[in-house]
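Engineer: attaching a predicted model along with its sequence, questions to come.
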Amino acid sequence: MATMDESDATIAGNGEESGSPLWVWIGLSAIACASFWCQAIVTEERLVPALNVIATHYSIPSDIAGATLMAAGASSPELFSSIVSLFITHSSLGLGTIVGSEIFNQLIICAGAVYSSKTGLLALDKAIVTREVGFYALGIALLYFALSDSRADPNDPDGPDHIYVSFLDAVLLFGGYLLYVAVCANMERVVGWFNWGAVSEDDGLHAITSLGDDGYGAIEESGGFQGMDGVRIMSIRNVPKMPFFHNEPVENFDAKVTMTLSRTASQKEGFNIRSSSFLSESIRSSIRRRGIMEFMKHSARPTELHTLYDLHVNEYKQEVQCFLWQQSVFYTMAYFGSNAWHLRWFTIMLDKVSSIPDRQDPENGRLVYPKFTEIFVDEKRLIINLPNPKEGKKDFTLMAPSKEIFEKVVSALGKYMAHSKKDAEEVPVEIEESTTTDPDFEDADAHEELIDFPCDGSLGEIIFWVILYPLRFLMHHTLPDVRQLDSHGELKITTDNRILHAFLSTFMCLVWLIVGSYAMVASLESLAELMDIPDAVIGFTVSAAGTSLPNYVASKVSAENGFGNQAVSNAFGSNTFNLMVGLGLPWSLYIAANGFEPYHGLRNEGIVESILIMAGVLAVFVVLMTQTNFVIVKWHGILFLGMYIIYVAFAIGQVYIGNNPN
């Protein structure tokens, strides 16, 4: 029988034999996977919310913030892998990661988004997609131009040609992103020049401001709310509080869903939101048998008691209960994200509107909304905006799971406003304050702590939680979390301390990202050496997929909520940032720091071919969109997935077939 050393022996690139025990492979793979997870958590759970607070504090316009701070936050894994591989490990893995991520984002994110959409197709906004695709094409062209100088390296005459990147090439690549930011900041003016996809005056967005004395007001014909009670509707052109929703085509929200309507009890037919482990299900079954469901109501997640489309209507109490999605105040500048929308169980009464989060012990996260006098609704997108009557405070943006729930909720909110108006006339002092803050209150937003045990998770989730607990513990105690709200949805931290808290969180996130990127790059380079393949190839494949998976998950969640256009557009926007900033900026800094001599540390190992593949894939996407009038259908998703599999096979085949000297 062969010994372990014999079975694991490999021939290194210099021809010398070296042993690689199994534990080395397992250890390096574990470090790489842990670094992928660490970078994803730091980015989504800490960095993006902190940057959101900074952008809001300094009143940075949403378009500019989205193209700069939020883009940097979302693409930080790729950016730091490029920086670490360039300045520290001096390899081409960073370039390979970014090039591979471009193809992954375009193909896999588009495929995942269309298969997760409500309607089975994705209607794209022509102006936004044209902007994103155009600048992505510009980035590809500038990158190809920057990498076109390939020649032998005097220090390695017998090796492959090296790519020489000049300072001018790097600056042009980075400068392209400055142009992109300028266009984003003036997008409305650009759209006006070309007359692309301008928002019509009546695009489904209305303001509900007044009602009759009995709560049943007149309904204007232009409102489109026929059959709804208690509202007078006024058409408006625009609501600045809802910046992103007009860019999302209404077709992405038109899911034909059959709702389970219950006036007395929850019907358990239909969509189950959260699957549960055998252990948690056994506990709940035991509790039911013992008849203490009251305990369940206060400790179980709302999704364990209700389905997504449950609607409870109590005519006697004039009370409506249902699920609504609420936009997190910490992701308002981000186009999409896994935590951008939270599912909450709402209770709308005549004198109070409140909600609880979908988590364990939900009553400890109950949010009581301030008394508002008007609401903005987008009938076509099922969006409801509750303006905060307190000056300078955050508004509340809600989204209904179905048309029926949307109509019932707007009607109930109309009656609530009518009742509040009566109270204001009779007892004007009492409406100044809502309910007092619960001293035991933890957090109104449903952001679970990193160290919270997944008591309702699957066996696999629990195992991974235990394995990653040391990292979770360190991150929890070293990464400040800005996502802290009181029971009225207001930020707990004062304004002066909030911005300092956000900057401290951002700094610590950068530290963690540098450490995580170094661990990822070093482990993957070691694996590439063990497998005797170029660093760029493992960057094209493993590193690219690992760093892009969070974007895939976020785009999938966005498409499920009806924001598929934003998911696709942001995939191309991330690609533009990765090319122009993730490569252009580090190259510019590196060349400037080395006397402006051209950077020639890149070996020409299939990199230029991959750029040509990027251009070809983009051309296929453009042709498909022109043929379908900017609509992605499911067979496109199958095509994209097949193209990505072919690309990965090509990248690997180049090493083991085309470039194998043996």
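Structural biologist: Arrived safely, thanks for sending.
Engineer: quick one: buried residues of the longest helix seen in the chain?
Structural biologist: Longest helix of the chain, by residue count under DSSP state H: helix 495-531. Neighbour counts using 16 or more other C-beta atoms under 10 Å place 498-499, 501-502, 505-506, 508-509, 512-513, 515-530 of helix 495-531 among the buried residues. C-beta here means a position set from N, CA and C on the backbone, and glycine is covered the same way.
Engineer: count the residues that sit near the closest residue to Trp37 other than its chain neighbours.
Structural biologist: Distances taken as C-beta to C-beta, 6 or more residues apart in numbering put Leu468 closest to Trp37, at 6.7 Å, once the chain neighbours are dropped. Neighbours of Leu468 under the rule other C-beta atoms under 10 Å: 17.
Engineer: show me where the stretch 551-662 of the chain has strands.
Structural biologist: Using DSSP state E, counting those that start in this stretch, the strands of the stretch 551-662 of the chain run over 599-603, 631-633.
Engineer: export these to TSV and tack on mean pLDDT, mean neighbour count and distance to Asn314?
Structural biologist: Below are the strands of the stretch 551-662 of the chain laid out as TSV (pLDDT from 0 to 100; neighbours: other C-beta atoms under 10 Å; distance: least, C-beta to C-beta, whole Å):
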stretch	mean pLDDT	mean neighbour count	distance to Asn314
strand 599-603	81	20	68
strand 631-633	90	18	42
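Engineer: check contacts around the closest residue to Leu624 other than its chain neighbours.
Structural biologist: Closest residue to Leu624 apart from its sequence neighbours, by C-beta to C-beta, 6+ apart: His636 at 5.9 Å. His636 makes contacts with Cys110, Ala111, Val114, Leu624, Thr628, as judged by C-beta atoms under 8 Å, 6 or more residues apart in numbering.
Engineer: ok, the last one to Leu121 distance?
Structural biologist: If you measure Thr628 against Leu121 using C-beta to C-beta, to the nearest Å, the figure is 9 Å.
Engineer: okay, those two: which has more neighbours?
Structural biologist: Leu121 (17 against 14).
Engineer: in PyMOL, select just the buried ones from the contacts of His636.
Structural biologist: Buried residues within the contacts of His636, by 16+ other C-beta under 10 Å, are selected in PyMOL with:
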select buried, resi 110+111+114+624
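Engineer: take the contacts of His636 and keep only those in helices.
Structural biologist: Those of the contacts of His636 mapping onto helices are Cys110, Ala111, Val114, Leu624, Thr628, per DSSP H.
Engineer: list the residues that contact the fourth one.
Structural biologist: Going by C-beta under 8 Å, 6+ apart, Leu624 touches Ile632, His636, Leu639.
Engineer: so what's it scoring on pLDDT?
Structural biologist: Per-residue pLDDT puts Leu624 at 93.
Engineer: just the third one next, same as before
Structural biologist: Note for Val114: predicted pLDDT of 87.
Engineer: and the strands in the stretch 251-400 of the chain?
Structural biologist: Under DSSP E, counting those that start in this stretch, the stretch 251-400 of the chain gives strands at 261-262, 311-314, 319-327, 341-348, 353-357, 367-368, 375-378, 383-386, 396-399.
Engineer: give me the angle between the longest one and strand 353-357.
Structural biologist: Looking back up the chat, that one is strand 319-327. 60 degrees (axes from the mean of the first three to the mean of the last three C-alpha atoms, to 10 degrees).
Engineer: direction included, what does strand 319-327 pair up with?
Structural biologist: Using DSSP bridges, the strands paired with strand 319-327 are strand 311-314 (antiparallel), strand 341-348 (antiparallel), strand 396-399 (antiparallel).
Engineer: ok, which of those comes nearest Val42?
Structural biologist: strand 341-348 (20.2 Å; C-beta to C-beta).
Engineer: can you give the distance of that closest one from its chain's centre?
Structural biologist: 20 Å (C-alpha atoms, centre = their mean, to the nearest Å).
Engineer: any idea of the mean pLDDT in it?
Structural biologist: What strand 341-348 shows for mean pLDDT is 90.
Engineer: what's the one helix or strand Ile98 maps to packed up against?
Structural biologist: Under the criterion of DSSP states H and E, Ile98 resides in helix 93-104. Helix 93-104 sits against helix 76-87, helix 495-531, helix 535-538, helix 544-560, helix 564-580, helix 607-628, helix 634-653, with contacts defined as 3 or more C-beta pairs under 8 Å, 6 or more residues apart in numbering; DSSP states H and E.
Engineer: pLDDT (mean, whole number) over that helix?
Structural biologist: Averaging pLDDT along helix 93-104 gives 83.
Engineer: what does stretch 117-130 give?
Structural biologist: When pLDDT is averaged over stretch 117-130, the result is 83.
Engineer: cool, stretch 194-214 as well?
Structural biologist: Stretch 194-214 carries an average pLDDT of 48.
Engineer: touching, Phe621 and Ala137? I think so.
Structural biologist: No: using C-beta atoms under 8 Å, Phe621 makes no contact with Ala137, being 10.3 Å away.
Engineer: which of the two has more residues huddled nearby?
Structural biologist: Per other C-beta under 10 Å, whichever of Phe621 and Ala137 has more neighbours is Phe621, with 23 against 17.
Engineer: ok, the more buried one - contacts?
Structural biologist: By C-beta under 8 Å, 6+ apart, the neighbours of Phe621 are Gln106, Cys110, Val133.
Engineer: closest to Lys408 among those residues?
Structural biologist: For the contacts of Phe621, the nearest to Lys408 is Cys110 (34.8 Å; C-beta to C-beta).
Engineer: please report the distance of the closest one from Gly546.
Structural biologist: 19 Å.
Engineer: Ile31 too?
Structural biologist: Ile31 sits at a distance of 12 Å from Gly546 (criterion: C-beta to C-beta).
Engineer: any residues in contact with both of those two?
Structural biologist: Shared contacts of Ile31 and Gly546 (C-beta under 8 Å, 6+ apart): Met520.
Engineer: comparing the two, which shows the higher neighbour count?
Structural biologist: Between Ile31 and Gly546, Gly546 has the larger neighbour count (other C-beta under 10 Å), namely 24 against 17.
Engineer: where's Pro163, which helix or strand?
Structural biologist: Just so we're on the same page, residue 163 is Ile rather than Pro. Per DSSP H and E: strand 162-165 holds Ile163.
Engineer: just the C-alphas of that strand, formatted as CSV.
Structural biologist: Coordinates of each C-alpha in strand 162-165 appear next as CSV, following Å, rounded to 0.1, in the frame of the first residue of the first chain:
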residue,chain,number,x,y,z
HIS,A,162,4.8,39.5,-18.8
ILE,A,163,2.1,42.2,-19.1
TYR,A,164,3.4,45.8,-18.7
VAL,A,165,0.8,48.3,-17.2
